[in-house]
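In: Quick check, what structure comes out for this input:
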Amino acid sequence: MTDVEHAPPGPAAVTDFFRSVDSAPADYAVDRPQSGTNGFLVTFVGLSIIAMCIRTLLVHTDFAEMPRDLVILSEGRGQVVFPLRLFLVMFFLTYAIHAYSNIWRRVFIGVSLLGKYALFCLVIDVLAWLLHSAGIISISVFGAQMISGLIALGIFPHTILRQAQLPPQGPLPLDPRIPPSAFFKLAGCLVFAIAGAAVALHVLYDLVEVLKSWAILGGIGAGVFLMQQLLAVSTALLGVRALKKSRRHEFSPPTAILVPAHNEAHDIGDTIAAVDRAAQTYAGRIHLYVVDNASTDATHDVAEQVIRECANIAGTVLDCPTPGKAVALNMGLEHIEEEFVVRIDADTVIGPGCLETAMRHFADPRVGCVGGIPMPRDEKTWIGKCRLVEVYMRHGFFQVSLDGYQGVMGIPGMFAIYRRSQVLEVGGMVQGMNGEDTDICMRLTAAGYHSVADPKAVYYSETPASYAHLREQRTRWFRSIYHLSARNRAILLDRQTMIGTFVLPFNLVNAARRAMLAPLLLFAVIAGFVFQSTFTTLQWQPVVATMLGMSMIMTVVVCLIWRPSSVKYIPAYLCFRLLRSYFTLASTLSLIYPPMHPRIPTRLRRYTTAFGPRVGRSP
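Out: Residues are numbered from 1 along each chain as shown. Predicted structure coming up:
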């Protein structure tokens, strides 16, 4: 991986047209205002303070020797380092209170979350006590807390998928042909990571203790932190090797460029001009299709004018009066005659050599989708700087690591290439939900193909020009994991595809972790500063290590590999991660839960009415 040599084009004009029908699909999401998320945090803080006050009162009674967390049978197995279970109970309770539904559904959500979590905690504590009493193994209180914490990360998405109003299961042409070598590669890297972490903890014990004291290692355990990074690095090395091998082919078939555009008159000229420049060096024929998707500005006229001025491509502008990006894409696919389709957003500019590099991977008939690295068009704003570091981490490192074992779950729709026949084979682009770009990749995977993300294929995409735009974008992005999981639930834990076996479950757990990050910080501040005398054994290092720690070190390393000058943006990026947590939490609160308890028809009618059109406030 090397630094990007080509300077990005100038920033796009500021626009207020970032919202569309895709922002919050009416059937599966509600456009809740920011006050909904803020209300969650206020309620969470209030409940946490009440719970800690009760524990403080118990300190002055006969219950003073009780553990500072919700654990039982803990004698002889260490002390509570952080009241993790109390935090999770407060989080689950607050989520149930603020879920978008009526009171009965909220009660049911709360009982479901807390009931499942209490049952698992009871089983873990009793089992740990029995093993300790029998002298077989001693699982510390801290270890039991961490195990229950990991289980909570699975309980949260499991409850959402079972109770929220989500897209129905779509028909999947299940014919996975993922080679066994992909599973062996992941298994081999996993064994290496576990063994490497174990050896490091044993041989470098003193160094590990120092790193734990400086909050570099910790959180869910030093060994787990080390194992995660070793796994990511080893699979990334396999990914780099696989990409280099795949790029050796020459492949330049006739290609269609499909650009869906909604109110993009200010940007689409740059997009078309970039395609025309790319056609100068691309050996195959290129035809451009612009689909004007219910625009109210001059998108159609601007696109036609710029196409007439192009020297290397021919083009057509189609009118799609029905709003929705997936609608526009499917209409374009109906008109396209070429086998290979390059989907490009109207605010995206492809870089020199982007098409040639990406198309080479299609020499392998098992490849179903190819994407690149979405560099920000504007690096002057704080959003652009944070986005730059995020792109290096997400697309320049983690996506490459997924390439190492054919685990790429989705290719961003900003720039993605498909075989038209394969897209039609799996049913085209899904409409009326978030994440249609990842959905098509998952469906192609179920049909036996795999996706490739090549960071050598560079393109430049619009960075949100305002906080409001950023909030809309990220809430939509983070909500899509639940839409995707529901629609493709047949492959979840299917043991036939790499995505279903490992990547999709990991993404669901990671989404839960990210939603809890900001509340966790608030909880830690309250416990550590306001109730310090109550939680006397509380340590700050595990909390800080969870939020920064080893992930910060890896961010520095990745930025140094790609562009050393970007290291100075890392402090802003670390703060941006907390903002991402805030938006992830907002995305879960925007999910709709169907109301319950038909015995009270008046209230039921009130909430049923509220779930018709999108509304701007919580019920």
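In: From here on, just use CA atoms for contacts and neighbour counts.
Out: Noted.
In: Tell me, how many residues neighbour the spatially closest residue to Thr348 that is not a sequence neighbour?
Out: Nearest non-adjacent residue to Thr348, counting by C-alpha to C-alpha, 6 or more residues apart in numbering: Ser461, 4.4 Å away. Counted by other C-alpha atoms under 10 Å, the residues lying close to Ser461 total 26.
In: Please tell me I have it right and Ser461 contacts Pro374.
Out: Yes - shown here, Ser461 and Pro374 form a contact pair, counting by C-alpha atoms under 8 Å, at 5.9 Å.
In: Quickly list what's touching both of these two.
Out: Here Ser461 and Pro374 have Met414 as joint contacts, going by C-alpha atoms under 8 Å, 6 or more residues apart in numbering.
In: ok, Ser480 - contacts?
Out: So Ser480 contacts 433-435 (C-alpha under 8 Å, 6+ apart).
In: could you redo the last one with a cut-off of 6 Å?
Out: Residues near Ser480 by C-alpha atoms under 6 Å, 6 or more residues apart in numbering: 434-435.
In: Run through who's touching the host helix or strand of Asp270.
Out: For Asp270, the host element (DSSP states H and E) is helix 268-279. For helix 268-279, the surrounding residues in contact (C-alpha under 6 Å, 6+ apart) are 312-313, 346, 348-349.
In: Next: stretch 90-105.
Out: 44, 106, 109-110, 589, 592-593, 595-596.
In: hmm, back to that, mind listing which of the contacts of helix 268-279 are in strands?
Out: 348-349 (DSSP state E).
In: can you count the residues close to Leu161?
Out: Using other C-alpha under 10 Å, Leu161 has 15 neighbouring residues.
In: same deal with the one 5 residues further on?
Out: Around Leu166 sit 23 other residues, with neighbours defined as other C-alpha under 10 Å.
In: Quick one: residues contacting it.
Out: Neighbour list for Leu166: 28, 483 [criterion: C-alpha under 6 Å, 6+ apart].
In: Now do it against Ile160, distance only.
Out: For Leu166, the distance to Ile160 equals 9 Å [C-alpha to C-alpha, to the nearest Å].
In: Also Ser485?
Out: For Ser485, the distance to Ile160 equals 10 Å [C-alpha to C-alpha].
In: residue contacts, the most centrally placed residue in the chain?
Out: The centroid of the chain falls nearest to Phe478 when counting by C-alpha atoms, centre = their mean (5.6 Å). Neighbouring residues of Phe478 by C-alpha under 6 Å, 6+ apart: Thr584.
In: Also Ile592?
Out: 28-29, 100, 164-165.
In: rewinding a little: so for the helix holding Asp270, what's the average pLDDT?
Out: What helix 268-279 shows for mean pLDDT is 95.
In: Check the offset of that helix from the chain's centre.
Out: 30 Å (C-alpha atoms, centre = their mean, to the nearest Å).
In: Paired strands for the following helix or strand past it, with orientation please.
Out: Per DSSP H and E, helix 268-279 leads on to strand 286-293 as the next helix or strand towards the C-terminus. Sheet partners assigned to strand 286-293 using DSSP bridges are listed as strand 255-261 (parallel), strand 314-320 (parallel).
In: Tell me the buried residues in the following helix or strand past the last one?
Out: Toward the C-terminus, strand 314-320 is succeeded by helix 325-335 as the next helix or strand (DSSP H and E). When neighbours are counted by 16 or more other C-alpha atoms under 10 Å, the buried residues of helix 325-335 are found to be 325-333.
In: Output the residues you listed in JSON lines; the columns should cover distance to Thr299.
Out: Output for the buried residues of helix 325-335, formatted as JSON lines (distance: C-alpha to C-alpha, whole Å):
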{"residue": "Lys325", "distance to Thr299": "15"}
{"residue": "Ala326", "distance to Thr299": "18"}
{"residue": "Val327", "distance to Thr299": "17"}
{"residue": "Ala328", "distance to Thr299": "14"}
{"residue": "Leu329", "distance to Thr299": "16"}
{"residue": "Asn330", "distance to Thr299": "19"}
{"residue": "Met331", "distance to Thr299": "17"}
{"residue": "Gly332", "distance to Thr299": "16"}
{"residue": "Leu333", "distance to Thr299": "20"}
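In: Could you tell me which ranges of the stretch 151-300 of the chain sit under the pLDDT cut-off?
Out: 205, 207-223 (pLDDT under 70).
In: Could you name the helices and strands sitting against the strand or helix carrying Leu150?
Out: Element membership for Leu150, per DSSP H and E: helix 141-163. Counting contacts by 3 or more C-alpha pairs under 6 Å, 6 or more residues apart in numbering; DSSP states H and E, helix 141-163 is packed against helix 504-525.
In: same thing but at 7 Å, please
Out: In this structure, helix 141-163 makes packing contacts with helix 103-133, helix 504-525, judged by 3 or more C-alpha pairs under 7 Å, 6 or more residues apart in numbering; DSSP states H and E.
In: most packed of these?
Out: When you average the neighbours per residue for each of the helices and strands packed on helix 141-163 (mean count of other C-alpha atoms under 10 Å), helix 504-525 leads with a mean of 20.
In: Tell me what angle that one forms with helix 141-163.
Out: Per axes from the mean of the first three to the mean of the last three C-alpha atoms, to 10 degrees, the angle that helix 504-525 makes with helix 141-163 is 120 degrees.
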